[in-house]
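[1] mind folding the following:
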Amino acid sequence: MADWREAIDAWIDGHGDEIRDVRRRLHAHPEPSKEEFQTTRFLADRLQEAGIPVKIAPTGRGLVAGPQPEDGHSLVAFRADIDALRIHDAKETPYRSTREGVMHACGHDAHTAMALAASLALHECRGLLPGDIPWRAIFQPAEEIGAGALEMVAAGAMERVSAVVALHVDPTVRLGYLAYRQGVLTAFCQELQVIIQGMGGHAARPHQSIDPIGVASQFITSVYQFVPRSVDSRDPVVVTFGSIQGGTSANIIPEYVVLKGTIRTLSEASAGRVAERIKQIAFGLTEASGAVIEVEFRRGTDAVVNDPEVTRACIRAAGEVVGPANVEEIPLPSMGGEDFSGYLKHAPGCLLRLGVAGPGKPSPFLHSPQFDIDERALTVGAKVLAHSTVLLSDASRSHRP
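    Okay, the predicted model is just below:
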């Protein structure tokens with residue numbers, strides 16, 4: 001009898017063109033967060049055609065798939081995000097986005113194609129697996145706005161799950177390599193909104209007004225200058241303003257300005273210290289300028305903290321696929337956000353980075369209008385998801401009383 005690893009790998013290799021075509025189909029027909037209805041239907045149809053049970057989320061966006069475990073048994077889940085970004089696709093490829101202003105610039109089309117392939121491989125090779133391997137594929141909407149994981153959890157996606165794994169494509173990692181990190185992998189994120197209410201007037205007579213644009217510029221400068229010097233330099237903190245909105249004409253001092261930004265830290269405690277410092281800056285500028293400054297903090301995604309035991313199983317799975325020498329440790333956490341953290345409140349898990357940078361040419365960064373991947377990575381990622389699922393299922397069985 002063939003080894004289950006050989007059977008899974010052979011099935012995935014034999015369907016490499018189909019996996020690539022799924023990714024290209026999704027890339028050409030992207031749907032942004034909260035609009036993933038057709039993507040969900042497409043995936044449900046493919047899974048049901050193969051005989052895999054499917055449950056679509058109550059919103060009609062997102063689904064779970066996989067066999068039901070026996071009573072009292074747990075299962076291993078793997079997750080893919082399915083939403084796209086509101087970015088213009090600037091590539092000139094046959095599969096470039098057909099929807100103006102929307103594209104898969106973060107690799108979610110690849111994540112989805114790999115999870116679909118892993119699902120089909122586990123199903124088709126079920127007779128060769130080491131016993132009954134209960135598994136669940138979670139195809140999640142709205143990752144880019146930090147809401148999808150919580151939606152899927154509320155829909156029951158994590159019921160009876162003992163471990164959860166995922167991949168994220170990484171254009172800084174070479175094709176044929178995977179990268180891992182035990183412990184903190186991504187940042188704790190908050191959104192920041194600041195409304196500066198001044199008093200409008202004529203641009204030629206600023207003394208008759210309270211200029212919110214001047215206050216806004218001072219506020220941003222103060223945050224950038226003083227927040228980093230208010231926290232331990234060994235504790236990474238990033239505060240970035242990405243939106244400034246105010247005014248309609250060059251000769252009018254506006255009534256108000258709205259600032260929007262993000263705070264990234266590696267712990268909730270650090271986020272609290274940063275928020276307090278920002279409030280102090282707002283109070284000081286209110287006293288100095290006469291403007292009214294309202295600061296609002298909105299909780300985003302928690303940090304992804306990879307579980308040591310699950311991570312070791314994923315490292316082993318990755319080593320089986322690409323060789324142990326091609327599995328590299330990530331030295332430092334990322335200040336990016338990932339709502340995979342929403343699943344980790346319910347089960348231990350691990351998020352790996354999959355190399356998608358092809359040889360001999362630079363690879364565009366995530367969220368770039370030129371973003372693309374070396375599609376040979378798709379079969380690598382599908383194998384790693386499937387191997388990880390079996391290894392973790394086997395480990396969970398061996399620990400049952």
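
[2] could you use CA atoms for every contact and neighbour count after this?
    Noted.

[3] surely Gln208 touches Gly201?
    Yes: Gln208 is within contact range of Gly201, at 6.8 Å (criterion: CA atoms under 8 Å).

[4] more neighbours: which of these two?
    For the pair Gln208 and Gly201, the greater number of neighbours falls to Gly201 (18 against 12), based on other CA atoms under 10 Å.

[5] contact partners for that one?
    Applying CA atoms under 8 Å, 6 or more residues apart in numbering, we find Gly201 in contact with Gln208, Ser209, Ile252, Ile253, Pro254.

[6] and if you look at Arg298?
    Gln190, Glu191, Leu192.

[7] and it, that's in a strand?
    Yes: looking at Arg298 with DSSP: H, G, I helix; E, B strand; the rest coil, it is inside a strand.

[8] separation between Ile220 and Thr186?
    Distance of Ile220 to Thr186, given as CA to CA, to the nearest Å: 25 Å.

[9] compare those two and say which is more crowded by neighbours.
    More neighbours surround Thr186 than the other of Ile220 and Thr186, with 27 against 16 (other CA under 10 Å).

[10] helix/strand/coil for Lys55?
    In three-state terms, and counting by three-state DSSP, Lys55 is strand.

[11] I misspoke; the intended subject was Ser388.
    Under three-state DSSP, Ser388 falls in the helix class.

[12] could you do Val194 as well?
    Here Val194 is recorded as strand under three-state DSSP.

[13] what about it, neighbour count?
    So Val194, with other CA under 10 Å, has 19 neighbours.

[14] ok, now how distant is it from Ile281?
    Remark: distance between Val194 and Ile281 (CA to CA) = 12 Å.

[15] what are the buried residues along whichever helix or strand Leu47 is part of?
    Taking DSSP states H and E as the criterion, Leu47 maps to helix 37-49. Neighbour counts over helix 37-49 (16 or more other CA atoms under 10 Å) mark Thr39, Thr40, Arg41, Leu43, Ala44, Leu47 as buried.

[16] what's the answer for stretch 97-105, then?
    Ser97, Val102, Met103, His104, Ala105.

[17] cool, and stretch 65-74?
    Judged by neighbour count using 16+ other CA under 10 Å, the buried positions of stretch 65-74 are Ala65, Gly66, Pro67, Ser74.

[18] redo those residues as TSV? Include distance to Arg312.
    Putting those into TSV (distance: CA to CA, whole Å) gives the following:
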residue	distance to Arg312
Ala65	25
Gly66	24
Pro67	25
Ser74	19
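
[19] of those, closest to Met152?
    Met152 lies nearest to Ala65 out of the buried residues of stretch 65-74, by CA to CA, at 12.3 Å.

[20] ok, the closest one to Glu18 distance?
    Distance from Ala65 to Glu18, by CA to CA: 19 Å.

[21] okay, now the domains of the protein?
    As assigned by automatic domain parsing, the chain contains the domains 4-186+303-398, 188-299.

[22] pick the most deeply packed of those.
    Highest mean neighbour count of the domains of the chain: domain 4-186+303-398, a mean of 21 (counted as mean count of other CA atoms under 10 Å).

[23] skipping adjacent residues, who's closest to Tyr343 in space?
    Nearest residue to Tyr343, sequence neighbours excluded (CA to CA, 6 or more residues apart in numbering): Ala149, at 6.6 Å.

[24] quick check: what element follows whichever strand in the chain runs longest along the chain?
    For the chain, the strand with the greatest residue count under DSSP state E is strand 161-174. Note on strand 161-174: by DSSP H and E, the next helix or strand toward the C-terminus is strand 178-180.

[25] partner strands of that following strand, with direction?
    Sheet pairing for strand 178-180, assigned by DSSP bridges, gives strand 327-329 (parallel), strand 349-357 (antiparallel).

[26] what about the residue nearest to Val153 when sequence neighbours are not counted, distance to Phe78?
    Nearest non-adjacent residue to Val153, counting by CA to CA, 6+ apart: Tyr343, 7.1 Å away. Applying CA to CA, the value for Tyr343 to Phe78 is 10 Å.

[27] identify the contacts common to those two.
    Counting by CA under 8 Å, 6+ apart, the shared contacts of Tyr343 and Phe78 are Val164.

[28] spatially nearest residue to Pro331, not counting backbone neighbours?
    Arg181 (7.3 Å).

[29] please apply the same query to Gly349.
    Val164 (4.6 Å).

[30] for that neighbour, give me its contacts.
    By CA under 8 Å, 6+ apart, Val164 lies in contact with Val76, Ala77, Phe78, Arg79, Tyr343, Leu344, Ala347, Pro348, Gly349, Cys350.

[31] then Asp339?
    Listed by CA under 8 Å, 6+ apart, the contact set of Asp339 reads Glu143, Gly146, Ala147, Gly148, Ala149, Thr301, Asp302, Val304.

[32] same check on Pro212?
    Contacts for Pro212 (CA under 8 Å, 6+ apart) come out as Ile196, Gln197, Gly198, Met199, Ile253, Pro254, Glu255, Tyr256, Val257, Ala291.
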